[in-house]
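Fold the following, please.
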Amino acid sequence: MSMRKFFTLSILAVALPAAGVSAAPAGPWPAGAASGWRVRDVTADTAFVAPGRSGAVPGLGLRLIAGRRRGAVWTSACTVVDATGRDRAVTLAFCVALDAVGWRWWDDPQRARIVAGAKLFANITEGFYGTLHMGSRYPLAVLDNGSEAVCLAAPLQPARAVRFVYDPAARELRAEFDFGLSPLPQRFPSRADAVVIAYRVPPQWAFRQALARYYDLFADDLRRRAGEGGTLLTKSPLVPIERPEDFFFTWHDFGEGEISMAGVDRQRGVQSFLYREPQTDWRTLREDGAGGALARTYENYLAQLEEDARRGDRESQAALVSAVVRADGRYDLYLEPIAWTTQAPFGLNASPDVPTTGYGDWPNKAQFVFERGRKLLGWNGAPTSMRGMFYDSMEGWGNLMNYRREHWRTTQFPLSFDRTNANRVCLFNMWGNVAFAKAISAALRSHGQLLMGNDAFRLTWYHMPFVDIPGREVTGDEADGSGPESDELYLFFRSMAGRRPFWTLLNDRYDDAGKIERYFQHSLFYGIFPSMFHAPEAGSPWYWGTPAYYDRDRPLFRKYVPLLRRLDKAGWEPVPWATVEPKTVRLERFGRAAAGNLAFTLHNTSGSDANVRLALQLAGLGIREVTSATEWLAGIPVSVSRPRAGGIDLQLKLPANGYAAIGVETDERP
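Next up, the predicted model:
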């Protein structure tokens with residue numbers, strides 16, 4: 001049975017023995033490290049409690065059904081079951097008794113901390129657009145002690161919000177899952193389930209080694225389906241842009257009102273994507289009957305939405321069926337000012353499972369999008385020039401907590417609870433976004449088409465299996481490496497995309513040409529395709545509608561995009577099998593010697609010039625001999641020497657805050 005098939009099975013259908021914290025070592029832990037499942041009542045603020053031999057949890061009215069699997073990777077699954085029939089907030093945790101004080105806790109592929117003190121070690125998304133999410137940013141956690149490294153991870157499917165922590169005071173590694181339990185969900189009444197996997201990796205580059213192993217375990221989910229990457233043209237028409245070939249346009253997204261753009265795209269070899277944002281319904285407030293302006297109120301927007309639905313507008317009907325209900329009983333509607341529009345969005349549950357019972361022939365929002373897609377994407381057999389769908393704001397409105405109990409009945413994901421509202425049980429709206437992504441991705445792939453996604457990976461990893469061409473809008477300090485979290489963000493983009501292409505859209509002012517080139521250089525370092533949108537200020541010009549901007553930057557596209565295509569085709573490799581000095585220089589690797597496309601990118605993060613030594617580990621890279629190396633940006637040879645057995649050094653000079661891309665020729669051939 002494949003890993004993917006195993007994880008998509010419902011563990012509720014499998015009779016598994018009860019298991020608490022085991023007395024004997026199990027899994028890939030150091031000798032003596034016991035492990036097992038425990039649970040706590042969040043509302044009562046209890047400690048984590050282990051079940052008895054029968055699976056019953058003393059004093060909590062809960063039962064755990066747990067079991068372990070051995071196969072391609074060590075796996076443990078557990079279902080928590082409520083016996084009271086009430087709505088409850090619980091945290092189910094897989095716990096490993098592990099004395100890791102003095103070990104290294106890895107926050108991401110680049111950053112590690114020595115475990116000490118009493119505070120929890122974690123890398124979590126705490127605030128999520130106003131909501132306390134408290135979920136780990138990466139789907140895995142890694143600890144190493146210099147001689148061995150252990151990884152605790154969550155499978156890609158079915159996605160669960162998990163929080164990996166190491167607790168030095170308790171000497172414990174945990175994977176914590178926050179669940180709401182209610183008798184309402186039809187798929188899992190009064191219960192919720194979770195799965196963890198675990199494995200060991202070499203300690204050198206421990207997190208990167210764990211990430212590479214994770215890619216292998218879920219290779220089918222993360223398979224690259226897109227062809228050659230390039231520049232994204234968003235919304236703007238291609239026709240007015242002179243010599244568009246200079247910009248290497250590869251992808252173009254637009255709404256159904258501009259569907260005629262697909263014909264021009266086809267002639268130019270550009271792939272067309274139909275724009276959709278299924279988790280929202282944006283509304284323009286009409287005038288009153290006398291021609292006067294209506295007040296921007298919830299009541300006026302809702303009245304017009306209901307009026308349009310009664311008149312037969314299917315998109316309005318879908319919005320009412322799928323609208324998220326907040327804790328106060330009102331539909332979610334964002335009424336704060338938005339710089340680039342006067343519209344206001346209703347937040348929707350985008351899941352195809354949203355029930356339509358009692359609404360006649362009204363569709364839910366996902367059904368409406370599929371209806372339109374059958375015609376516009378050619379699923380009805382009609383000829384089409386469309387390459388796929390552009391899913392905007394994939395994480396957007398995912399922070400909403402949905403109290404619409406009829407939506408709970410049909411959800412395919414467990415419920416959660418609202419930390420900002422007395423831990424009340426609710427439905428995390430992100431699961432509607434993920435359910436839509438899964439469904440639309442399957443439909444597109446069945447027609448040989450692709451899913452492009454904006455905001456695929458900013459704060460969470462849940463969309464990893466579904467989006468073929470992920471991307472994200474960025475601001476200037478993120479884009480050019482000057483912001484404090486820029487490298488963390490870009491490394492997260494790169495890690496979640498793996499070998500799939502990733503693009504960014506710069507949302508900022510474009511007046512500083514120097515910042516624009518640094519944006520291209522920073523993108524090159526991570527193998528990410530840069531493009532532009534518009535500045536966030538009201539009335540700001542669209543980049544691709546402003547020749548003064550794109551003509552100025554035309555040489556940058558001509559210089560950097562071909563190099564990015566080389567890196568993208570080679571594919572990012574998380575484990576570099578190379579080290580670099582001085583330590584202020586960053587390093588990433590692309591390609592493999594056996595494929596004849598090995599390359600490295602460098603970034604001197606120091607404000608001083610640096611004499612750089614890049615030391616290649618021949619065995620790890622699968623190299624017998626380096627025949628030559630070239631720095632692509634300057635087009636000059638790089639010094640090659642063999643100062644030690646099993647290693648080759650490349651030496652070059654990098655200016656302060658400078659970048660380099662080095663192609664390495666070896667005597668290996670594809």
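
nearest residue to Cys38 other than its sequence neighbours?
Actually, residue 38 is Arg. It isn't Cys. Phe48 (4.0 Å; C-beta to C-beta, 6 or more residues apart in numbering). Heads up, the C-betas are built off the backbone N, CA and C, glycines and all.

Please name the residues that touch that neighbour.
Counting by C-beta atoms under 8 Å, 6 or more residues apart in numbering, Phe48 touches Arg38, Val39, Arg40, Thr91, Ala93, Cys95.

Then Glu172?
So Glu172 contacts Cys95, Val96, Ala97, Leu98, Tyr166 (C-beta under 8 Å, 6+ apart).

Scan those residues and report the most crowded one.
Most neighbours among the contacts of Glu172, by other C-beta atoms under 10 Å: Val96, with 26 neighbours.

quick one: that residue from Ala154, how far?
14 Å (C-beta to C-beta, to the nearest Å).

one step back: distance of the residue nearest to Arg38 from Ile440?
Counting by C-beta to C-beta, the gap from Phe48 to Ile440 is 38 Å.

Find the helix or strand that Asn421 is a member of.
Asn421 is part of no helix or strand when elements are defined by DSSP states H and E.

leaving aside the residues next to it on the chain, what's closest to it?
Leaving out its chain neighbours, Asn421 is closest to Ala327 (C-beta to C-beta, 6+ apart), at 5.2 Å.

Gln279 too?
Gln279 sits nearest to Ala350 (C-beta to C-beta, 6+ apart), 4.2 Å away.

Would you double-check that the one you found falls in a helix?
No - Ala350: not assigned to a helix; according to DSSP: H, G, I helix; E, B strand; the rest coil it is coil.

didn't it look like it was pressed against Ser322?
Yes - with contact defined as C-beta atoms under 8 Å, Ala350 reaches Ser322; the gap is 7.0 Å.

Tell me the spacing between the residue positioned nearest the centre of the chain and Tyr301.
Centroid-nearest residue in the chain: Phe457, 2.8 Å away (criterion: C-alpha atoms, centre = their mean). Phe457 sits 32 Å away from Tyr301, going by C-beta to C-beta.

Just the closest of the contacts of Phe48 to Asp178, please.
Comparing these against Asp178 with C-beta to C-beta places Thr91 closest, at 5.4 Å.

sorry, back to before: now do the contacts for the residue nearest to Gln279.
Going by C-beta under 8 Å, 6+ apart, the list of residues near Ala350 reads Pro278, Gln279, Ser322, Lys365, Ala366, Gly432, Asn433, Ala435, Phe436.

Filter those down to the buried ones, ChimeraX style.
Buried residues within the contacts of Ala350, by 16 or more other C-beta atoms under 10 Å, are selected in ChimeraX with:
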select :278,279,322,365,366,432,433,435,436
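
Which one of the contacts of Ala350 is nearest to Pro574?
Asn433 (26.5 Å).

and that closest one, what does it touch?
Pro278, Gln279, Ala350, Met394, Glu395, Gly396, Trp397, Gly398, His463.

From those, pick the one nearest Pro244.
Once C-beta to C-beta is applied, the member of those that ends up nearest Pro244 is Met394, at 27.5 Å.

how about the helices in the stretch 301-450 of the chain?
Using DSSP state H, counting those that start in this stretch, the helices of the stretch 301-450 of the chain run over residues 314-322, 365-376, 405-410, 430-446.

With Asp193 as the reference, name the closest of those helices.
helix 430-446 (13.9 Å).

Now the closest one: average pLDDT?
Average pLDDT, helix 430-446: 97.

If I take it and helix 365-376, what angle do their directions form?
Interaxial angle of helix 430-446 relative to helix 365-376 (axes from the mean of the first three to the mean of the last three C-alpha atoms, to 10 degrees): 20 degrees.

chain center to stretch 337-353, what's the gap?
21 Å (C-alpha atoms, centre = their mean, to the nearest Å).

still on that earlier bit, need the helices of the stretch 301-450 of the chain in CSV (columns: distance to Leu614).
As requested, the helices of the stretch 301-450 of the chain are exported to CSV (distance: least, C-beta to C-beta, whole Å):
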stretch, distance to Leu614
helix 314-322, 53
helix 365-376, 48
helix 405-410, 54
helix 430-446, 39
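
what helices or strands is the lengthiest helix in the chain leaning on?
Looking across the chain with DSSP state H, the single longest helix is helix 547-570. If you count contacts as 3 or more C-beta pairs under 8 Å, 6 or more residues apart in numbering; DSSP states H and E, helix 547-570 packs onto helix 513-526, strand 529-532, strand 599-604, strand 659-666.

Keeping just the C-alphas, turn it into PDB.
The C-alpha trace of helix 547-570 is given here as PDB (Å, rounded to 0.1, in the frame of the first residue of the first chain):
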ATOM      1  CA  PRO A 547       5.900  51.500 -19.700                       C
ATOM      2  CA  ALA A 548       8.300  53.900 -17.800                       C
ATOM      3  CA  TYR A 549       8.700  51.100 -15.200                       C
ATOM      4  CA  TYR A 550       8.900  48.000 -17.300                       C
ATOM      5  CA  ASP A 551      11.000  49.600 -20.000                       C
ATOM      6  CA  ARG A 552      13.500  50.700 -17.400                       C
ATOM      7  CA  ASP A 553      13.600  47.100 -16.000                       C
ATOM      8  CA  ARG A 554      13.600  45.300 -19.300                       C
ATOM      9  CA  PRO A 555      17.400  44.600 -19.000                       C
ATOM     10  CA  LEU A 556      16.900  43.000 -15.600                       C
ATOM     11  CA  PHE A 557      14.300  40.500 -17.000                       C
ATOM     12  CA  ARG A 558      16.600  39.700 -19.900                       C
ATOM     13  CA  LYS A 559      19.500  39.100 -17.500                       C
ATOM     14  CA  TYR A 560      18.000  37.200 -14.600                       C
ATOM     15  CA  VAL A 561      15.000  35.200 -15.900                       C
ATOM     16  CA  PRO A 562      17.100  32.900 -18.200                       C
ATOM     17  CA  LEU A 563      19.400  32.200 -15.200                       C
ATOM     18  CA  LEU A 564      16.300  31.500 -13.100                       C
ATOM     19  CA  ARG A 565      15.000  29.100 -15.700                       C
ATOM     20  CA  ARG A 566      18.300  27.200 -15.500                       C
ATOM     21  CA  LEU A 567      18.000  26.900 -11.700                       C
ATOM     22  CA  ASP A 568      14.300  26.100 -11.800                       C
ATOM     23  CA  LYS A 569      14.800  23.400 -14.400                       C
ATOM     24  CA  ALA A 570      17.700  21.900 -12.300                       C
END
